[in-house]
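A.B. asks: Any chance you could fold what I've pasted below:
(2 chains)
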Amino acid sequence: MEPATATPGAAPSPVRPDEIRAIPVRHRGRWLAAAIVLVFAAVLGHSLATNPRFEWGIVRHFFLSSRVLDGLVVTLKLTVISMAIGIVLGIVLAVMRLSPNPLVSGASWLYIWLFRGTPVLVQILLWYNIAALYKSLPIGIPFGGPELTHVNVASHITPFVAGMLALGLNEGAYMAEIVRAGIISVEEGQTEAAQSLGMTRLQTIYRIVLPQAMRVIIPPTGNETISMLKTTSLVSVIATTDLLYSVQLIYSVNYRTIPLLMVASIWYLMVTTVLSIGQYYVERHFGRGASRELPETPLQRLRRNLLSLRPKPVEVAGASGEGR
Amino acid sequence: MSGPMVKAEEVHKRFGRLEVLTGVSMEVQPGEVVCMLGPSGSGKSTFLRCINHLEKIDSGRLSVDGELVGYRQAGDKIYELRDAEVCRERAEIGMVFQRFNLFGHMTAMENVIEAPIRVKKVKKNEAVLRAKELLERVGLADKLDSYPAQLSGGQQQRVAIARALAMEPKLMLFDEPTSALDPELVGDVLDVMKKLAKDGMTMIVVTHEMGFAREAADRLVMMCDGTIIEEGTPEHFFTSPENERTKQFLSKIL
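C.D. replies: I've put the predicted structure just below:
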C-alpha cells in the first residue's frame, strides 16, 4: 500500500509537510468553572478538617470496632443473599413472562405487579410479622389432604430471615424486568439460528440468548447491587443488627450520633467502590465477542500510558493492510 | 432412498390478512440443487422458512423425506408435533440465513460444535475434530478462535455454512446467503456452495446470483405473488423463458 499522501499518477512525495504547531484556543469559561469548583472544595475540606463536631477521633475509634464490623458482615451477607435470590428469581420470572403459556406469563406479571407495587419497607415489616398471619406452615397436600410435617413460622422468621426474604423477593421483581429487557435486546435471528439447528426452547434461552443478554443485563444489575447494599439499611427497623443498626445501638448509648453515622457512611462508600470495580471486570468478561477487542483494564491502560512516554519507534507506513 | 426429499402440495401461508403463499407445489429430489428466484415479497423466503417449520403453514401439505413438517397424520386427522419432535425434524435440515446469525458470544469453533454437542449429544472432542475439518473445508482453518465480530461478512457466512453442515443435514436451505455481502466477498461463499452441490447435497437456494444458478443448479423455480409461475432447467430460463413476469424479472437482474 502506498502512503496516503500520494496523488494519483505522481510519485509519492519524499518529504512530509511540517507538523502543525498552532497556538491553542484559550478556554476562559473552563478556567472560571474550575476556580469555582476549587473554592467549593476548599470550603468543604476546611470544614471537614476544622469542625470539631465531626469528632474524627471517635470515628477512628469505632471504625474497626467489633460491633461495627459485625454489623458490616450482616449488611454484606444480606446484600449477597438478597441479590442472589433476586437474580435467580428474576431469570425465572423473565423466562416465565416470555412463555407462550398465558397462565405462566400471567403469574409472572402478577408477581411483578405485587412486589414492585408495594414499598419494600412495608414488605420488610410484613415478613417480620408473618407469624401473625400464619402461625405454622403445613407441608403436605392442600385442601384437607394429609399433612406430612409443618414448619413453626415464628421460630424460623428471625429478623435476618425476614429482611432477607423481603429484600430478595422484592429484588426478584426488579431483576425480572432487567432480564426481560436483556432477552428482548438479543436479535431474533439468534433464536431462529438456534432453532434451525434443532435446539429446544430452553436450550436456546440458556445457551444462546441469556449469555448475549448479559451485556445488557450486567450494568443495571451492578446498579441494583449497589442500591441493595444501601437498601439493606432498612432492616434496622426490624432490629436486624446490620451496619446502620449497629451504629445506632452505639450512639443511642454514647450520643455521638454524627461521628457514628460517619463511620457507617464511610463503610458504605468503601464497599460501593469495591462493587463498582468488580462490575467493570464482570462487564468486560461478558463483553467478549461483542466488540473486536476487549477494552483494556485500568492496569493495562496505565502500563500503555507509561510506555508511550518513551520515544516512539518510527512508524512503518502501510503495515496495517488487512489481508484475508 | 426412493421418494422426493421435499414435497410441497398447495402450500398456503397467511400473515394476518396478507396471503404470502397462495398455493406452492413442487418436489425436490435427493441430491438435486434448486434455485428459487423472484421479486422481493414473492414468498421465496417464507416458503424456505416453512420447510423447517420456522413458520407454520395454514393449508396444504409439506413434507421432508416423507415426513410431514411440524405435523403427524394418522388416518384423516392431523396432529401437531411436540416441541421435541419439531426439534428432531429441524436437526436434519440445515439453514443458512441472509444475516449469517452466528452466535455472537462464541468463537467460530464454538459456533460449529454447539449444536452437535447439545442436540446430537456428540462427545466434545469428536465434535471439535469434525468442526476443524468443516472449517478447513470452507477455508477458515486459521479462524477457529475468532469471534464473529472479528470476521468479514464472507467469513461469517462460511462459518454459518460449516455450522449447519456439522449437524450432517440431509437437506440444506439457503436464504439469500450472499445478499448481505460486499461484492468481492460473494465469490468465496458461492465457491463453498458449489463444492457442496458437487458433493451431492440436496439444496434449495433462494438467490439472485444468476452465475451460481447457471453453474450449480439442476433446476430453477420462479416465484411471484406467492406461487410458482415457471420452472425449468437453467438452460430454459436463460434461453427461452415463457412467462411475461419471468422475462421482465430476468431482464432486470441479468
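A.B. asks: Verify the contact between residue A:166 and residue A:120 for me.
C.D. replies: Yes. The pair residue A:166 / residue A:120 is scored as a contact, 6.6 Å apart, by C-beta atoms under 8 Å. Backbone N, C-alpha and C define where each C-beta goes, glycine included.
A.B. asks: Output the set of residues of chain B in proximity to chain A.
C.D. replies: Proximity of chain B to chain A, by C-beta under 8 Å from any C-beta of the partner chain, involves residues B:52, B:54, B:83-84, B:87-95, B:97, B:99, B:101-107, B:114-115, B:118-119, B:147-150, B:152, B:154-155, B:160, B:163-164, B:167.
A.B. asks: Now restrict the residues you listed to buried residues only.
C.D. replies: B:52, B:54, B:87, B:89-95, B:97, B:99, B:101-107, B:114-115, B:118-119, B:147-148, B:150, B:152, B:154-155, B:160, B:163-164, B:167 (16 or more other C-beta atoms under 10 Å in any protein chain shown).
A.B. asks: Which residue ranges of the chain form strands?
C.D. replies: Let's take chain A. Per DSSP state E, chain A carries strands over the ranges A:136-140, A:147-152.
A.B. asks: Sorry, I should have been clearer: chain B.
C.D. replies: Under DSSP E, chain B gives strands at B:6-15, B:18-28, B:33-37, B:59-64, B:67-68, B:71-74, B:77-80, B:93-96, B:171-175, B:203-206, B:219-224, B:227-232.
A.B. asks: In JSON lines: those strands, plus mean pLDDT.
C.D. replies: Formatted as JSON lines, the strands of chain B follow (pLDDT from 0 to 100):
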{"stretch": "strand B:6-15", "mean pLDDT": "95"}
{"stretch": "strand B:18-28", "mean pLDDT": "94"}
{"stretch": "strand B:33-37", "mean pLDDT": "95"}
{"stretch": "strand B:59-64", "mean pLDDT": "94"}
{"stretch": "strand B:67-68", "mean pLDDT": "92"}
{"stretch": "strand B:71-74", "mean pLDDT": "90"}
{"stretch": "strand B:77-80", "mean pLDDT": "90"}
{"stretch": "strand B:93-96", "mean pLDDT": "96"}
{"stretch": "strand B:171-175", "mean pLDDT": "96"}
{"stretch": "strand B:203-206", "mean pLDDT": "96"}
{"stretch": "strand B:219-224", "mean pLDDT": "94"}
{"stretch": "strand B:227-232", "mean pLDDT": "94"}
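A.B. asks: looking at these, which is closest to residue A:236?
C.D. replies: Within the strands of chain B, the stretch nearest residue A:236 is strand B:77-80; the backing value is 56.1 Å (C-beta to C-beta).
A.B. asks: what's the closest one in contact with?
C.D. replies: Contacts with strand B:77-80, where a contact means C-beta atoms under 8 Å, 6 or more residues apart in numbering or on different chains, come from B:68, B:70-73.
A.B. asks: How about residue B:151, nearest residue that isn't a chain neighbour?
C.D. replies: Computed as C-beta to C-beta, 6 or more residues apart in numbering or on different chains, the closest residue to residue B:151 that is not its neighbour in sequence is residue B:143, at 6.3 Å.
A.B. asks: Pull the contacting residues for that neighbour.
C.D. replies: B:108, B:135, B:151, B:155, B:159.
A.B. asks: who are the neighbours in contact with the nearest residue in space to residue A:53 that is not next to it in sequence?
C.D. replies: Among residues not flanking residue A:53 along the chain, residue A:258 sits closest, at 6.2 Å (C-beta to C-beta, 6+ apart). Residues in contact with residue A:258 (C-beta under 8 Å, 6+ apart) are A:53-55.
A.B. asks: Adding neighbour count, distance to residue B:23 and pLDDT, write the residues you listed out as TSV.
C.D. replies: Output for the contacts of residue A:258, formatted as TSV (neighbours: other C-beta atoms under 10 Å in any protein chain shown; distance: C-beta to C-beta, whole Å; pLDDT from 0 to 100):
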residue	neighbour count	distance to residue B:23	pLDDT
A:53	7	88	89
A:54	15	84	89
A:55	16	88	91
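A.B. asks: so where is the chain shaky, pLDDT-wise?
C.D. replies: With no chain named, the answer covers chain A. Residues of chain A meeting the criterion pLDDT under 70: A:1-13, A:288-295, A:308-324.
A.B. asks: Correction: the question concerned chain B.
C.D. replies: Ranges of chain B meeting pLDDT under 70: B:1-2.
A.B. asks: Quick check, the residue in it closest to chain A?
C.D. replies: Nearest to chain A, among the residues of chain B, is residue B:91, at 2.8 Å (C-beta to the nearest C-beta).
A.B. asks: show me what contacts that residue?
C.D. replies: Here residue B:91 is in contact with A:197-198, B:115, B:119-120, B:167, B:169 (C-beta under 8 Å, 6+ apart).
A.B. asks: swap the cut-off to 6 Å and go again
C.D. replies: Shown in contact with residue B:91 (C-beta atoms under 6 Å, 6 or more residues apart in numbering or on different chains): A:198, B:119, B:167.
A.B. asks: still on that earlier bit, out of the contacts of residue B:143, give me the two with the largest separation.
C.D. replies: Largest pairwise distance in the contacts of residue B:143, by C-beta to C-beta, is 11.4 Å, between B:135 and B:151.
A.B. asks: the more surrounded of the two?
C.D. replies: residue B:135 (24 against 21; other C-beta atoms under 10 Å in any protein chain shown).
A.B. asks: Nearest residue to that one in space, please, no chain neighbours.
C.D. replies: Using C-beta to C-beta, 6+ apart and skipping the chain neighbours, the partner closest in space to residue B:135 is residue B:162 (5.2 Å).
A.B. asks: can you check residue A:149 too?
C.D. replies: Nearest residue to residue A:149 in three dimensions, chain neighbours excluded: residue A:139, at 5.2 Å (C-beta to C-beta, 6+ apart).
A.B. asks: Wait, the one you found touches residue A:147, no?
C.D. replies: No. Residue A:139 lies out of contact with residue A:147 (C-beta atoms under 6 Å); the separation is 7.2 Å.
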